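[1] Please find the sequence and the predicted model below.
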Amino acid sequence: MIKPILTALLVCALPLSVQADDDDDDNRFGLAGILSAKNKEDLEPIQLSAGMPLTSAPWVLKSGTYYEFEIQGDGSQELALVGPEFFRAIWVDEIVVEGLEIRPLGLDSVEFDEAGEMEIGFVAIKPGSYYLKVPGSTGETQRLEITIE
């Protein structure tokens, strides 16, 4: 009685192990899933400086990819970045300021009162067109266009 049950269990398990061995997909994530190093990309830093462009080009992101970028403020003026729609279309993993890691539930904007640097790590989630901009500005260079595909 036990032998037929063991045989049945082995037969059921066999296709799963064969299928796992035959999966030669090059896009496999590591043990950390989408947070794996294979799924991470660095973006051009954002420069917060009075009258200077934020970046040299728009960002085109891929949904499901982990990104990191730095925001560098030179202290020339108190400047902020707003983009609530963008921050709701991503999952913010962490914000690092002077070695301190912050893991927020959400984000609406960031502000630099003096010179400094922060790094934000996130996963792009919801496809669409978004922006980050200096509030109250009207110039195109003070706005970063972002597309999540």
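    Here it is on my side, so go on. All of these numbers come straight from a predicted model, not from anything done at the bench. Residues are numbered from 1 along each chain as shown.

[2] in stretch 72-90, what counts as buried?
    Going by neighbour count (16 or more other Cβ atoms under 10 Å), the buried part of stretch 72-90 is 73-74, 79, 81-83, 86-87, 89-90. C-beta: built from backbone N, CA, C; applies to glycine.

[3] Tell me which of those fall in strands.
    Those of the buried residues of stretch 72-90 mapping onto strands are 73, 79, 81-82, 90, per DSSP state E.

[4] lowest-confidence helix or strand of the protein?
    None of the helices or strands of the chain scores lower by mean pLDDT, DSSP states H and E than helix 2-22, at a mean of 49.

[5] measure the closest residue to residue 70 other than its chain neighbours to residue 88 for me?
    The shortest distance from residue 70 to any residue other than its chain neighbours is 4.2 Å, reached at residue 45 (Cβ to Cβ, 6 or more residues apart in numbering). As judged by Cβ to Cβ, to the nearest Å, residue 45 and residue 88 stand 23 Å apart.
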